[in-house]
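**Q** need the 3D shape of this:
(one chain, ligands or ions: 1)
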Amino acid sequence: MTIVDGIVLKERTVGEHDKFVDILTRDSGVVEAVVRGVKKINSKTASSSQLFAYSRFCLQSRGKYIYINSAEPVHIFYKLRNSLSKVSLACYFSDVVRYCVQENTDSENVLRLLLNTLYFLENDRRGEAMLKSIFEVRFMAETGFMPDILACHRCGRFEPEELFIGTSDGVFYCKDCFSGESENFMKVNAGVLSAIRHIVFSEFEKLYNFRVSERTQKSLSDFSERYILSRTERSFRTLDFYKSLITSKGNLI
Ligand SMILES: [Zn+2]
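**A** A predicted model of the protein is given here:
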């Protein structure tokens, strides 16, 4: 029997009584586990194993499956459900984690990033566009794809006013060093560069403590989304759905 802390990223019912859940754990990456007799189990275990529940799970391996014997809720993120766009954005974050984080990897920082981001999202502590960018950029940095944003890739200038940043490799060139047009680079200002630096390098305690202008946020959103999609080499249906909601609200991100 093992005790693990983790958050439910996805749940799917199997047959009439059981469900599978994917859990992002602190120490063991994403783990798939079975909840038996969903309709009969006590309500505490039922609520602790629902989508976005952060809980302490008691797991047991039997045969080729891992079973949840019981679970205690730590934080359920109930309030996310009051907003379709928030719950959709959270589903996109879950999808990214499920796709990128393997079983048996140290996942403490990713767990911390996801929990903190959902907490800020649930409580309206930061706007959705900002939280989405923070999650996308920091998640990539935490999983080995840190953008190389220390200095101009050619001349080493630290703080150019205008620069061109690569949406596939995350390197940047100052205006003087950038040669020619390329669809894999976008032109951004110094504000976007310092926002990306903050997201990549700051301690978790300070990660959400910055603000940017609306214009800078637009560029940052554009960069962070293109970067994660290019690095993961795929699309996410949950992201497409979220964007369709945001666009129909007339609220471009
Ligand atoms: Zn340069």
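
**Q** once you drop chain neighbours, what's closest to Ser235?
**A** Leu229 (6.5 Å; CB to CB, 6 or more residues apart in numbering). All C-beta spots, glycine's among them, are computed from the backbone N, C-alpha and C.

**Q** so that neighbour: helix, strand or coil?
**A** Taking DSSP: H, G, I helix; E, B strand; the rest coil as the rule, one finds Leu229 in the helix state.

**Q** separation between it and the ion?
**A** To the ion, Leu229 is 27 Å away according to CB to the ion, to the nearest Å.

**Q** just Val35 next, same as before
**A** From Val35 across to the ion, the span is 55 Å (CB to the ion).

**Q** from the chain's centre, how far out does the lowest-mean-pLDDT helix or strand in the chain sit?
**A** In the chain, no helix or strand scores lower on mean pLDDT, DSSP states H and E than helix 43-48, which sits at a mean of 82. On the basis of CA atoms, centre = their mean, to the nearest Å, helix 43-48 sits 25 Å off its chain's mean C-alpha point.

**Q** which residues does it contact?
**A** For helix 43-48, the external contacting residues (CB atoms under 8 Å, 6 or more residues apart in numbering) are Val35, Val38, Ala53, Ser55, Phe57, Ile68, Ser70, Ala71, Glu72, Pro73, Ile76.

**Q** try stretch 237-253
**A** Outside stretch 237-253, the residues that reach it (CB under 8 Å, 6+ apart) are 84-85, 88-89, 91-92, 94-95, 128-129, 132, 218, 221, 225.

**Q** could you find the closest non-adjacent residue to the residue of the chain most remote from its centre?
**A** Largest separation from the mean C-alpha position in the chain: Asp176, at 34.4 Å (CA atoms, centre = their mean). Closest residue in space to Asp176, ignoring its immediate chain neighbours: Cys155 at 7.1 Å, by CB to CB, 6+ apart.
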